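S.K.: Give the three-dimensional model of this entry:
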Amino acid sequence: MAISNLKSKDDRKRRRAVRELFELDDEKHLSAFVPLLADPDIWYRSKAIDAFRMWSIRQEVSVLEPLITHQNIEFNRVAANLLEKFDNAETEVIRRLFDKDDLVCQIRSAEFILKCDGQELFFAELLKNPDARLRIIALESKYSSTEILADTLNDDSIKVVEFCLNVLNDNKYKLDDEIINSMVNRGVSNKLLIPYLFDNDPEKLVELAAHIGRQDVKILVDTLRKNCISVDDEPIKSMINSNQRVIVGRWLQGKKGPSEDALRWEIIGDETVDEIERARFLERLFSRCAEAEIKAKAKEIAETSNSELIKLTAHNLSTASEQAQS
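M.R.: Residues are numbered from 1 along each chain as shown. Purely as a prediction, here's the structure:
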């Protein structure tokens, strides 16, 4: 009776029928709601969508076809967002969703299709798609491989390159110098290259450190801080040996110990290092200004430095504890 009343001209009967069918909560009644997708009253259309959200996921994915083939793009998107709740079996109707000129539909349907077996051709097509997000979905799938990821490092999209590098790094896949040089020459962000080189090609990382800008120095220092504890760690020793003193000095921030302090004072006393950087290294020692060794070293620097900025900063450091007491 309720299903019959869905076609009634009496609006009260129709609304009651909708409520009764929802109370019955039987997924077999879903087909009765399909005509309501075209109803002029938004209330009935919304209830039809609610029915799909409740009952379609208890059935095969093919029951989404009325939403997928509908002219209303919002209905298409409802179907797309429901796909994650279905087992991956039927793909023919989902290909029709992928063919929609809508990125939400394409992304969700591509994710669904690539979880299914036998989709090698679709994977190959998706790798050539002009949208970078869809290419990444292909690269995330079970059809991808480290070799394909490495080959895709020449992609025009930095986001695609970043994805490939991250996965290759996780897999400890070593790239040859030609590929790395190509990425550097193409302007691929060092933000992507530095973590990879740290794990896979320390020598290339040292080489890169000599040519990076201020912002990339920060990325490199952060990477070293996350992974290096001691001045005896190989990446730090390599930076010291290659005379990357600004990088080493920044890495030393917050570190304390005989070896660390000796290296810090060596860098501060090096007149070839930028004086602003050295002044900052001194300023970071103000929290230790009461230590006798800090005061003595600061006084020595203040008396011997050729830089007025370093002299002034070192003098202030050597007298900071006395000024605090007074």
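S.K.: rest of the way, CA atoms for contacts and neighbours
M.R.: OK.
S.K.: Flag the shaky bits of the chain, pLDDT-wise.
M.R.: Within the chain, the stretches with pLDDT under 70 are 323-326.
S.K.: How much space separates Asp201 from Tyr173?
M.R.: 11 Å (C-alpha to C-alpha, to the nearest Å).
S.K.: Revised request: answer the last question for Phe112.
M.R.: 28 Å.
S.K.: Check Ser46 too.
M.R.: Taking C-alpha to C-alpha, one finds Ser46 at 50 Å from Tyr173.
S.K.: what do you get for Leu24?
M.R.: 56 Å.
S.K.: more crowded one of the two?
M.R.: Tyr173 (16 against 9; other C-alpha atoms under 10 Å).
S.K.: contacting residues for that one?
M.R.: Thr146, Asn200 (C-alpha atoms under 8 Å, 6 or more residues apart in numbering).
S.K.: Look at it and give its secondary structure.
M.R.: Here Tyr173 is recorded as coil under DSSP: H, G, I helix; E, B strand; the rest coil.
S.K.: Just the buried positions in whichever strand or helix holds Ser238, please.
M.R.: Assigned by DSSP states H and E, Ser238 belongs to helix 234-241. Neighbour counts over helix 234-241 (16 or more other C-alpha atoms under 10 Å) mark Pro235, Ile236, Ser238, Met239, Ile240 as buried.
S.K.: Give me the contact list for the helix or strand following it.
M.R.: The helix or strand immediately downstream of helix 234-241 is helix 245-251, counting by DSSP H and E. The set of residues external to helix 245-251 that reach it, using C-alpha under 8 Å, 6+ apart, is 217, 220-222, 224-225, 236, 239-240, 264, 267, 273, 277, 281.
S.K.: next one: stretch 279-291
M.R.: Outside stretch 279-291, the residues that reach it (C-alpha under 8 Å, 6+ apart) are 249-250, 253-254, 264, 268, 294-295, 309-310, 313-314, 317-321.
S.K.: run the last query once more with 6 Å
M.R.: Residues outside stretch 279-291 that contact it (C-alpha atoms under 6 Å, 6 or more residues apart in numbering): Ile310, Ser321.
S.K.: burial measure for Glu20, as a count.
M.R.: Glu20, neighbours per other C-alpha under 10 Å, totals 14.
S.K.: Now it: closest residue in space, sequence neighbours ignored.
M.R.: Ala2 (6.7 Å; C-alpha to C-alpha, 6 or more residues apart in numbering).
S.K.: Surely the one you found and Ala17 touch.
M.R.: Yes. Counting by C-alpha atoms under 6 Å, Ala17 is a contact partner of Ala2 at 4.5 Å.
S.K.: which one of the two has more residues nearby?
M.R.: For Ala2 versus Ala17, neighbours defined as other C-alpha under 10 Å are more numerous around Ala17 (20 against 17).
S.K.: any idea how far the more buried one lies from Tyr44?
M.R.: On the measure of C-alpha to C-alpha, Ala17 and Tyr44 end up 11 Å apart.
S.K.: how about Thr304, phi and psi?
M.R.: phi -110, psi -20 (degrees, to the nearest 10).
S.K.: Ignoring the adjacent residues along the chain, who's closest to it?
M.R.: Here the residue nearest Thr304, using C-alpha to C-alpha, 6+ apart, is Lys311, at 7.9 Å.
S.K.: and the one you found, what element?
M.R.: With DSSP H and E as the test, Lys311 turns up in helix 308-325.
S.K.: Would you mark the buried spots in that helix?
M.R.: Applying 16+ other C-alpha under 10 Å to helix 308-325 flags Ile310, Lys311, Leu312, Thr313, Ala314, His315, Asn316, Leu317, Ser318, Thr319, Ala320, Ser321 as buried.
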